[in-house]
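> Just a sequence and a predicted model for now, questions to come.
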Amino acid sequence: MRQWFAPTLVLAGALAAMPMAAGEKGKSDNTPPAGFTALFNGKDLTNWQGLAMSADPKNAKRKVPSWLAELSKDELAKVQKSADDRILSHWSVKDGVIEYDGKADSLQTVKHYGNVELYVDWKIEPSGDSGIYLRGNPQVQIWDVKGKNNKAGIGSGGLYNNQKNAKDPLVVADNPPGQWNTFHIKMVGDKVTIKLNDKLVVDNTVLENYWYRGQPLPARGPIELQHHGDKLWFKNIYVKELD
């Protein structure tokens with residue numbers, strides 16, 4: 001336990017020195033801070049595509065994201081078009097906000113990212129459930145503290161699918177359903193530090209490889225907005241590549 005507190009203080013100080021929160025009062029939505037790029041332009045879904053899944057070449061009984069499935073360029077393009085045709089109409093843009101109707105599947109960036117600093121503003125309805133995938137791996141958890149799927153009343157921001165490393169957030173920092181929340185995420189190597197609404201919830205913790213347990217995370221992968229059958233809202237999605 002003694003080893004936990006020193007990095008907490010260092011990383012908390014480092015995060016405090018980073019740019020202002022994405023949704024800070026007085027700042028125009030979908031306008032990135034200096035040094036960041038807007039992944040969402042506030043008008044359409046440029047830079048985004050539907051989640052495409054394919055048979056796992058290592059285990060034909062299950063599916064993995066198509067970019068992990070060792071497909072040819074033409075095969076991947078065909079699978080991706082099918083996914084886009086099925087999914088993208090359910091993710092719309094209204095008044096500078098990405099809205100999801102809960103009826104299709106996840107949305108992910110076309111580009112793959114490695115080490116990043118990321119801002120995401122998100123909002124859910126009561127009992128809403130979602131998450132942010134980093135390098136295509138689940139997930140930074142989003143859910144209602146009092147929701148039907150959250151019997152323990154755990155806050156958002158934890159690394160939900162971890163098995164060996166810490167998975168729950170350090171504190172509950174969520175705003176109530178219907179109100180906006182801001183994630184500030186920094187990922188270097190396989191370790192993630194997260195602030196939710198300016199409170200440290202994950203401190204330099206390993207995000208485990210979900211698709212291939214026990215293996216290192218891929219060096220790069222898409223950022224994904226997770227579908228869980230609930231209505232969702234996102235805006236102010238900004239990234240800075242740290243490679």
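Perfect, thanks for sending it. Quantities reported herein were computed from a predicted structural model and do not represent experimental measurements. Numbering: from 1, shown residues only.
> The closest residue to Glu224 other than its chain neighbours: how many residues sit nearby?
Computed as CB to CB, 6 or more residues apart in numbering, the closest residue to Glu224 that is not its neighbour in sequence is Tyr133, at 3.5 Å. All C-beta spots, glycine's among them, are computed from the backbone N, C-alpha and C. Tyr133 sits with 23 neighbouring residues when counted by other CB atoms under 10 Å.
> And Lys151, by the same measure?
By other CB under 10 Å, 7 other residues sit near Lys151.
> how close does it sit to Asn161?
With distances taken as CB to CB, to the nearest Å, Lys151 is found 18 Å from Asn161.
> rewinding a little: and the residue nearest to Glu224, what does it touch?
Residues in contact with Tyr133 (CB atoms under 8 Å, 6 or more residues apart in numbering) are 106, 108, 139-140, 221-224, 226.
> 10 Å - rerun?
Contact analysis of Tyr133 by CB atoms under 10 Å, 6 or more residues apart in numbering lists 51, 65, 106, 108-109, 139-140, 161, 207, 210, 221-226.
> Can you tell me which of those end up in strands?
Under the assignment DSSP state E, these contribute 65, 108-109, 139-140, 224-225 to strands.
> who wins for most neighbours among these?
Among these, Val140 has the most neighbours (other CB under 10 Å), with 27 neighbours.
> ok, so what distance separates the most centrally placed residue in the chain from Leu159?
By CA atoms, centre = their mean, the chain has its centre lying nearest to Ile132, at 1.7 Å. According to CB to CB, Ile132 and Leu159 sit 10 Å apart.
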